[in-house]
Structures are given as C-alpha cells and as structure tokens.
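Asks: what's the 3D shape of this:
(2 chains)
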Amino acid sequence: MAHDATFSVKAADRLRDLPLVAKLSLTMAALLLSLAGVIGMTMVSTRASIARHTRELVDARRVKEMAILSLALLRSQDDMSKAMLLDPARMDSLGVAKVEAFDQATALLKRMDSLSTSADLRRLTNNMRQVDEQQLRAMDTRILELTAVGDARAATRLYFEEYEPVRAQYEALVGQLGDVAEAHAEEAARRVASANRRALVYISIALVIGVIVVSMALYGVAQKMGTKLREAVDLMDMVARGNLTRAVEVDGHDETGRMAASVNAMVRDLRRMIGEIKSTSTRLVTSSGEISNAADESSSAVVTLGEAIDQISAGAQEQATVTNETVGVVKQMAASIEAVVQQAAEMAKAGNHTVHVARRGSETVRSAIQGLESTRTTVLEAAARVKELAEHSARIGDINKTVSSIADQCNLLALNASIEAARAGEHGAAFRIVAEEIRDLANESMASSGRIGQLVAAVQAGMADVIEAMRVGTTNADEGAQQARAAEESLDEILRTLEGTNGELQRIAEHAHLVTDDVGRVASMVESVAAVAQQSAASAEEMSAQSVQVAEAITRIARISSSGEVGGEREETLPVMARKLDRLIAGFEV
Amino acid sequence: MNRLFAPILLALVFVAAGSNVSEAQQVVTADGKQFSTTEMRISYQDTVVFMNYDAVPHQVFSSSNGLRFNLKRLLPGSGGAVRFAKRGVAEVRCAIHRDMRMKIIVE
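Replies: As a prediction, this is how the structure comes out:
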C-alpha cells in the first residue's frame, strides 16, 4: 500500500516535471485517443447497423423485382396455355417453352423465399409455393394432358373454371408480396438514414466534448504560464528599480519552472556582480593614484630609454659601415686565394707532364738495358762459336800435318818407284812416268798442305784476336748495363720525387678550393652581419620613434589617472568615473 | 395391353431406325409418370427409344446445348427414337409432367 502511494507520488512528480509541450502533447494524445475510440466505436456500430439495414433494403428490393418478374412469367405461361387451348397443335412447340418459363418461375420463388428475412415475407412466399405446388401445377398438368389427347373442351373448362381463380389468387399473393417487400425496403432505408443521423450526432457530441476538454487543458497551461510570467515581470520591475532582494517561486522543472529558476539565477548573478563592482570601484580610486605616479616614473624612464636607443642607433650605423668595409676586404682575399688556386692547378698540370716525361725516360733506359743484355748474350754465344772454330781449325792443322806426312811418304815412294823403274829399263819406263806423276802429286800435296797450315795458323791467330775482342766487348756491355741500371734507379728516384711533388701540388689546390669556399661563406656571413647591422640601425630608429609615442601614451595615462583638471580642460578621469560608479551602485539594494 | 404390343412396336422402331445394325439401341420407358431410369450411359451414335407405357400422354424433350430434341406428343402406347450424334449430357424431361427427369450421358 505504502509502495503504491510512493509510486503515485513519483509518477506525479515526473508528470509535473515534464515540459509543457510534452504535457500538452500527452493531453492531446489522450483526448484524441478517447475521441478516436468513441468515434471508432460509433462508426463500427453504425456501419454494422447500416450494412444490416442496407442488406435488408437490397433484399427487399430484389424480392419485389423478382415478384414482378414472377408475375410476368406466370402471365407468359397463361398466354401459352391459352394459345395451346385455341390450337392444340402448338403444344409441340409451346410445351417446351412453357416448361422453361415454369422452371424460371420456380427458381425465382426459391430465391424469393431465401431472400425473405421478415416473417410476413416468408409467410407470403410460403403461401405462393403452396398454391403453386398443390393447386396450380396439378391443374396445369391436367389441362396439358387433356390438350394433348385432344380434349380441348374439357381442358378449356378446367382452365377457366378452376385454374383461372387459383391463378388470380396467386397473382394477388405476388402483388401482396411486392407491396410488403417495398414496405420493408422503405423501412430499411429509413433505418439506414436514422443510423447515419445517430452516428453524426454521436460524433458531433464527441467532438464538442473533445474541443471543450482541449480548451480547458490549454486554458490551464496558459493560466500557469501567465502566472509565472507575471511573477517574472514583477521581479524584473523590482530589479529595474534596484531591488535585488526578491526571487520567484520555483515549482517543477517544466518551462515555467526553468524560467523562474533562470530569472532567480540572473538576479543572484546581478547581486554578486554589483557587489564586485562596488569593491572594484573602491580599488579603482586607489589604483588610479598609483597608476598616475607610475606613469610619471615611466615617462622619465622612457625618455632615458629613448636616449639609449639613439646611442644604439648610432652604434648600429657605425657597425654597418665597418661591416661593409670588412665585406670588401674579404672579397679581395677571396680573389687572391682564387689566383693561388689557379697557379697551384697550373703547377700540378706541369708536374703531371714532367712525371709523364720521366716515365718515358725510365722506360727508354729499361729497354736500353734489355738491349745491352741481349748484345752481351749474343757476343758470349759468338765467342763460344769462335772457340769451337778454333778447335776445328786446330784439328784441321793436325789433319794437314797428316796429309803433309802422307805426301812426304808418297814422294819417297815415288822416288823409290823411279829408282826401281830405272832399274827395270825399258820395261819400267811407264812405271817411272807414273812414279813421277805421283811424286809431282805428292809435291803439290805438300805444297797445298803447307799453304793450308799457313791459313789455319792465320785463322787461329784471327780467332784469338776475335775472342779477345769479344771478351773486351762483353766486359764493356756489362759495364754499360750496370751504368744503365744506375741511370734507371736514378730515373725512378726522380719519378717518385716528381709524383710526390705533384700530389702535394694537388692537395695544395684542393685546400686552396676549401679555403676559397670558407672565404665565400665568411663573406656571406659578413654580409649578413652587415644586413643585421643595418636592420638594427633601422629598428633602433623605429624604437626611438615608438619611445616618443610611449612617452606620450604614459603622459595621457598619467593625465587620466590624476584627479582634477588637466591642461585647463575638464576630462573624465579615473577617479571621477569611480565616484560616478559608486553613486550608481548605491541605488541598488542587495 | 400396351405391354403386349410393346415388342411389336419396338421391332417396328428398329426397322425404322435404319439398316446399320452396328449402332446400339437403348430403350427408355415412361410409366407411372416417371422414366424407367434416372441416368443412362450410351455411346456416340447410339439410338434411344422412348416408349410411353402410361395411360396419359407425354412430350419428351431435351434443351441441353448440342443435344436438343423434341419428340412432341407421345400418346399412350406410342414411342419415339432419338439418335445422339454428339457427345455430352442430355437433360431429358417431359413438357406435360414437369417432375419427370432423367439424364443421358453420350460418351
């Protein structure tokens, strides 16, 4: 129970805290739902009623139309019956047509019976069916049988005396059915109209109630908003008169509640601000005097500062001039170093050429040494060959001696042969001639051997001279080779010295290039220093001008912060403004 | 009496129906204001002979689409034949006695 009460209080608080738009929307939604429910139920009920009555109306109209059609079919059958009575031969053709009309009439009667919803209509259709089935059909069959067998007279009598009155009764029933059906249709139409009117009335009442409830809800909301607005306006009026002690009552967290809270917060902030302004104005009066004194001191300091800035400006100008001169000197240094670099490059180039020439000389000496060694080898080989020739010539001398000995012996033999031939007489004459010839040959051989011996001796003497000359030549070639090697070593030493000198020259040129780059950077740095010096001079001049403006501003501050008249003219000074502010704030009640 | 003459009449009807003996023939009688059967199945081109055994006249006909015929007045003891040259269902009735109905199914 207590839980339910707490829940209800929480729900009421939540509902009260909802925004006004949400409250209005909820109210309107509830109202519209109620209206829709009422109208929907009315519409459903009315629709069912109208549908039922409309169906009754339609069925009644259809029953009436079917009754009229049934009557027409009945009369058509009567016409055919009369035609057959007058001419029985026509029965063959009209009989079938009459059966078809009969079938249609029977179907209509069944349909009318099914559509007859009211008791009186059902009673009438039941009577019609009974008359048709129990009386008319039997009599009609009998009339047809009589007609078919050719008894037209009996058939005619039966038709007019018995069938015709019953048929008239049937027609009366059909007419009555039509009238009752029409009455039912009119009644159903009246009920439809009545249901429509009733629905219209219900919906109108529901709408009127809805409009009244909506108006009441809107009035309630507007009343609440108006009350809160009036309270807020009253509070604003009091604030305008300087009374900041009041506040608006805050109830709920909807728009009006939030507006009241905001107004209260605004008044509270105003109260706090006024208090702060009061204390600030008091401090402002005190501070303005201090500012005035400080401004006087600042003014004198600014004058001193201006003088210092002028001195700085002059120094900066002088620095710029000196720096420009330094730039010129550095550029001259750069040009000189560039010339040194070029000379070093040319020396390096000449050194390269010298090294090249020395290398060629060394190669020439090396080839000369190789030539000398080759000559020495050749001479040594020739000496060996000459020695071999000397040996061969010595062996020729030995052989020559042998030949000379053989020639001596042949000469001796030839002499002995001549002696023997002479002893043989005439028989040995021919032999003596041969012996003389042999002796001559031996003498010639001896003479030739003697010449050969002389020649061999001369050859051997010549060879000895040649060998000696070769020995001397070989010795000279060795000495030449040694001297050439010494020259080669000297040339190699010269070449190494030249290459070392050339490397030093190239390093000198590279260092000179580096020095040139450094001098270029130094020149650009000195130029930057010169630009900075010029800029410093310009800045110093600008600072000097600004110090004048600062001095004027400080003078103005001092004038504003001082009390009383300045320069014979009345101005709004800070103390004056602080006193005005005090007077204004004194009007507020906090 | 009629029942005695019926075979003779039937034989006469057969002769009158034609010489094509391959076509079947069926007989339906009307007796007691009712047909002898309520439904009959015959073949295409078959002939049905309606015989009136009643003491009252009948007028046998059919209005079914494609199978229309009208035998006109059949006096007691008389008959009529119908050859069905189309397939379908013939609703056969009497124009004098409206409750007399039967169905012939031509297959």
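
Asks: And the strands in chain B, which stretches?
Replies: Using DSSP state E, the strands of chain B run over residues B:25-30, B:39-42, B:47-52, B:58-62, B:69-74, B:79-83, B:88-94, B:101-106.

Asks: With respect to burial, which of these scores highest?
Replies: Among the strands of chain B, the stretch with the highest mean neighbour count (mean count of other Cβ atoms under 10 Å in any protein chain shown) is strand B:58-62, at a mean of 25. Backbone N, C-alpha and C define where each C-beta goes, glycine included.

Asks: Nearest residue to whatever residue of chain A ends up closest to chain B in space, please, no chain neighbours.
Replies: Closest residue of chain A to chain B, Cβ to the nearest Cβ: residue A:95 (3.4 Å). The spatially closest residue to residue A:95, leaving aside those adjacent along the chain, is residue B:95, at 3.4 Å (Cβ to Cβ, 6 or more residues apart in numbering or on different chains).

Asks: give me every residue that touches that neighbour.
Replies: By Cβ atoms under 8 Å, 6 or more residues apart in numbering or on different chains, the residues touching residue B:95 are A:91, A:95, A:96, A:98, A:99, A:144, B:59, B:61.

Asks: Of the residues you listed, grab the buried ones for PyMOL.
Replies: In PyMOL syntax, the buried subset of the contacts of residue B:95 is picked out as below (16 or more other Cβ atoms under 10 Å in any protein chain shown):
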select buried, (chain A and resi 91+95+96+98+99+144) or (chain B and resi 59+61)
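
Asks: now, the most widely separated pair of the contacts of residue B:95?
Replies: Using Cβ to Cβ, the contacts of residue B:95 reach their maximum pairwise distance at A:144 and B:61, which is 13.2 Å.

Asks: anything in contact with each of the two?
Replies: In contact with both residue A:144 and residue B:61: A:95, B:95, using Cβ under 8 Å, 6+ apart.

Asks: List the residues that contact residue B:73.
Replies: With Cβ under 8 Å, 6+ apart, residue B:73 has these contacts: A:91, A:92, A:148, B:57, B:58, B:59.

Asks: Go again with 7 Å.
Replies: A:91, A:92, A:148, B:57, B:59 (Cβ atoms under 7 Å, 6 or more residues apart in numbering or on different chains).

Asks: do you know how far the first one is from residue A:206?
Replies: Meaning residue A:91. 71 Å (Cβ to Cβ, to the nearest Å).

Asks: And residue A:72, by the same measure?
Replies: Taking Cβ to Cβ, one finds residue A:72 at 51 Å from residue A:206.

Asks: Looking at those two now, which is surrounded by more residues?
Replies: residue A:206 (18 against 14; other Cβ atoms under 10 Å in any protein chain shown).

Asks: Find the nearest non-adjacent residue to that one, please.
Replies: Distances taken as Cβ to Cβ, 6+ apart place residue A:38 nearest to residue A:206, at 4.2 Å, with adjacent residues excluded.

Asks: Could you do residue A:523 as well?
Replies: residue A:330 (4.5 Å).

Asks: again with residue A:57
Replies: residue A:188 (3.6 Å).

Asks: Look up phi and psi at residue 31.
Replies: Looking at chain A here, since you left the chain open. phi -60, psi -40 (degrees, to the nearest 10).

Asks: That was the other one, I meant chain B.
Replies: Dihedral angles (degrees, to the nearest 10) for residue B:31: phi -150, psi 130.

Asks: what sits against it?
Replies: So residue B:31 contacts B:53, B:54 (Cβ under 7 Å, 6+ apart).

Asks: Could you measure from it over to residue B:97?
Replies: With Cβ to Cβ as the criterion, residue B:31 and residue B:97 are 12 Å apart.

Asks: before we move on, what about residue A:68?
Replies: Taken as Cβ to Cβ, the span from residue A:68 to residue B:97 is 29 Å.

Asks: neighbour-wise, which of these two wins?
Replies: Remark: of residue A:68 and residue B:97, residue B:97 carries more neighbours, 21 against 15, as counted by other Cβ under 10 Å.

Asks: Let me know the closest of the contacts of residue B:95 to residue B:90.
Replies: Nearest to residue B:90 among these, with distances taken as Cβ to Cβ, is residue B:61, at 9.9 Å.

Asks: so what's that closest one up against?
Replies: Going by Cβ under 7 Å, 6+ apart, the list of residues near residue B:61 reads A:96, B:69, B:70, B:71, B:93, B:95.

Asks: Excluding covalently adjacent residues, which one is nearest to it?
Replies: If you skip the residues right next to it in sequence, residue B:61 has residue B:70 as its closest partner in space, 4.2 Å away by Cβ to Cβ, 6+ apart.

Asks: wait, isn't that neighbour in contact with residue A:95?
Replies: No: assessed by Cβ atoms under 7 Å, residue B:70 is found out of contact with residue A:95, at 8.2 Å.

Asks: Just to be sure, residue A:519 is in a strand?
Replies: No: the assignment for residue A:519, made by DSSP: H, G, I helix; E, B strand; the rest coil, is helix rather than a strand.

Asks: ok, now how distant is residue A:474 from residue A:467?
Replies: Note on residue A:474: its distance to residue A:467, by Cβ to Cβ, is 10 Å.

Asks: tell me how far the longest helix along chain A is from the chain's mean position?
Replies: The longest helix of chain A (DSSP state H) is helix A:255-424. Centre-to-centre, helix A:255-424 and its host chain are 51 Å apart (Cα atoms, centre = their mean, to the nearest Å).

Asks: likewise stretch B:64-78?
Replies: 7 Å.

Asks: mind checking the end-to-end distance for that stretch?
Replies: Using Cα to Cα, to the nearest Å, the end-to-end distance of stretch B:64-78 comes out at 24 Å.

Asks: List the buried residues of stretch A:517-526.
Replies: Quick answer for stretch A:517-526 (16+ other Cβ under 10 Å): A:519, A:523, A:526.

Asks: for stretch A:45-64, same thing?
Replies: For stretch A:45-64, burial by neighbour count (16+ other Cβ under 10 Å) applies to A:46, A:49, A:50, A:53, A:56, A:57, A:59, A:60, A:61, A:63, A:64.

Asks: of all the residues you listed, which comes closest to residue A:384?
Replies: When the buried residues of stretch A:45-64 are compared against residue A:384 (criterion: Cβ to Cβ), the nearest one is residue A:46, at 160.2 Å.

Asks: host element of the most centrally placed residue in chain A?
Replies: Note on chain A: the residue nearest the mean C-alpha position is residue A:528, at 44.6 Å, using Cα atoms, centre = their mean. Per DSSP states H and E, residue A:528 falls inside helix A:429-561.

Asks: tell me the angle of that helix relative to helix A:255-424?
Replies: 160 degrees (axes from the mean of the first three to the mean of the last three Cα atoms, to 10 degrees).

Asks: just checking, what packs against helix A:429-561?
Replies: helix A:255-424 (3 or more Cβ pairs under 7 Å, 6 or more residues apart in numbering or on different chains; DSSP states H and E).

Asks: Residue A:88 touches residue A:150, doesn't it?
Replies: Yes: judged on Cβ under 7 Å, residue A:88 makes contact with residue A:150 at a distance of 6.3 Å.
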